[in-house]
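Chemist: sharing a sequence plus its predicted fold:
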Amino acid sequence: MTLDRSRRTTFNDAARLYDEVRPGYPDQLVEDVIALSGILPDGRILEIGCGPGKATLPFARRGYAMLCLELGPDLAALAAENCRPYPRVEVRCTAFEDWPVETAAFDLVISAQAFHWIPPEVGYARAAEALKDTGAIALFWNYYPGSDTPLIQALDEVYRARAPQLALDDKGGLFQEELVEKTLADFAASGCFGEVMLRRYPWSKQYTADQYVKLLQTYSDHRSLDEETLRYLCAGVRETIEQRGGTVERPYLSVLYIAHKQCDQRRENVHHK
């Protein structure tokens, strides 16, 4: 399982689409981050890779002071625009790796749909450095667990015919578990954090054909296709959805990993739930 980290800059070119159609995160996930981290109402949050603010806003609405880092200038501008009603939120256009760490300055580090773009040997150590001794890190992603509805099966056929390099071949759930195990292994290898609490939140979202095609154009693997192939793929996807009722229900599995800073560097067991 390899990751081309150079693709992380492609999202900025689709900033408005990303803001329009990318999903947010379940309210229960946000509540669990707050409860499990132990952050107090006057706590300070560092967000790594905030994008247009999809995960920022739920914490901003709860009154937290936040410093949000985003390397894409268009995405950072959108995040600042979306967070304008919340003066305690600062958005800074920079990569996390280039940011001069504010040592022991934050009660919570969060990263939504972004931390995998940072080399783990860099990301975990720098996040721990930014945290107070009592601080915690919360990483979360929306994974695609796979689906076998007739419409999803028809869309899979479109992929196999028009962009076979992106076809899942019914491995959605398996790939998701590989990602979970990889993230847990990265936590353990870092030696920076204690027990990892793992939480899963299954949910789904309905999209029109137009919304779904827009969504596909925000994914880095789709954006890596040549223009003609992407256009051909999207046309097939749109036609398939429109022929089968006009909407598609996409399942998601939000996965949260949360752990406190390991001040004494002891290696602890990972807790699954």
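Modeler: It's in.
Chemist: show me the beta-bridge partners of residue 136.
Modeler: residue 108, residue 260 (DSSP bridges).
Chemist: show the model's pLDDT score for it.
Modeler: pLDDT for residue 136: 98.
Chemist: for it, give me its contacts.
Modeler: Going by CB atoms under 8 Å, 6 or more residues apart in numbering, residue 136 touches 36, 37, 38, 39, 107, 108, 109, 258, 259, 260, 261. (Glycine included, C-beta is placed from N, CA and C.)
Chemist: give me the number of residues near the second one?
Modeler: Counted with other CB atoms under 10 Å, the burial measure for residue 37 works out to 23 neighbours.
Chemist: distance of the closest residue to it other than its chain neighbours relative to residue 32?
Modeler: Of all residues not flanking residue 37 in the chain, residue 136 sits nearest, at 3.9 Å (CB to CB, 6 or more residues apart in numbering). The gap separating residue 136 from residue 32 is 12 Å, by CB to CB, to the nearest Å.
Chemist: overlap of the contact sets of these two?
Modeler: residue 258.
Chemist: what's around residue 38, how many residues?
Modeler: Residue 38 has 13 neighbours, counted by other CB under 10 Å.
Chemist: residue contacts, the residue nearest in space to the middle of the chain?
Modeler: Most central in the chain under CA atoms, centre = their mean is residue 113, positioned 1.1 Å from the mean C-alpha point. Contacts of residue 113 were listed using CB under 8 Å, 6+ apart, and they are 49, 51, 54, 55, 140, 141, 142.
Chemist: out of the residues you listed, which are inside strands?
Modeler: 140, 141, 142 (DSSP state E).
Chemist: show me where the stretch 101-250 of the chain has helices.
Modeler: With helices called from DSSP state H, counting those that start in this stretch, the stretch 101-250 of the chain shows them at 120-130, 150-162, 172-190, 209-216, 220-223, 227-243.
Chemist: how about TSV for these, with mean neighbour count added?
Modeler: Shown next, in TSV, are those (neighbours: other CB atoms under 10 Å):
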stretch	mean neighbour count
helix 120-130	19
helix 150-162	16
helix 172-190	15
helix 209-216	19
helix 220-223	16
helix 227-243	16
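Chemist: how about JSON lines for those, with distance to residue 77 added?
Modeler: Formatted as JSON lines, the helices of the stretch 101-250 of the chain follow (distance: least, CB to CB, whole Å):
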{"stretch": "helix 120-130", "distance to residue 77": "24"}
{"stretch": "helix 150-162", "distance to residue 77": "33"}
{"stretch": "helix 172-190", "distance to residue 77": "30"}
{"stretch": "helix 209-216", "distance to residue 77": "20"}
{"stretch": "helix 220-223", "distance to residue 77": "19"}
{"stretch": "helix 227-243", "distance to residue 77": "25"}
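Chemist: can I get those in a markdown table with distance to residue 85 and mean pLDDT?
Modeler: Formatted as a markdown table, the helices of the stretch 101-250 of the chain follow (distance: least, CB to CB, whole Å; pLDDT from 0 to 100):
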| stretch | distance to residue 85 | mean pLDDT |
| --- | --- | --- |
| helix 120-130 | 26 | 97 |
| helix 150-162 | 38 | 94 |
| helix 172-190 | 33 | 88 |
| helix 209-216 | 26 | 96 |
| helix 220-223 | 30 | 89 |
| helix 227-243 | 34 | 97 |
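Chemist: so which of the ones you listed gets nearest residue 73?
Modeler: Closest to residue 73 of the helices of the stretch 101-250 of the chain is helix 220-223 (CB to CB; 17.2 Å).
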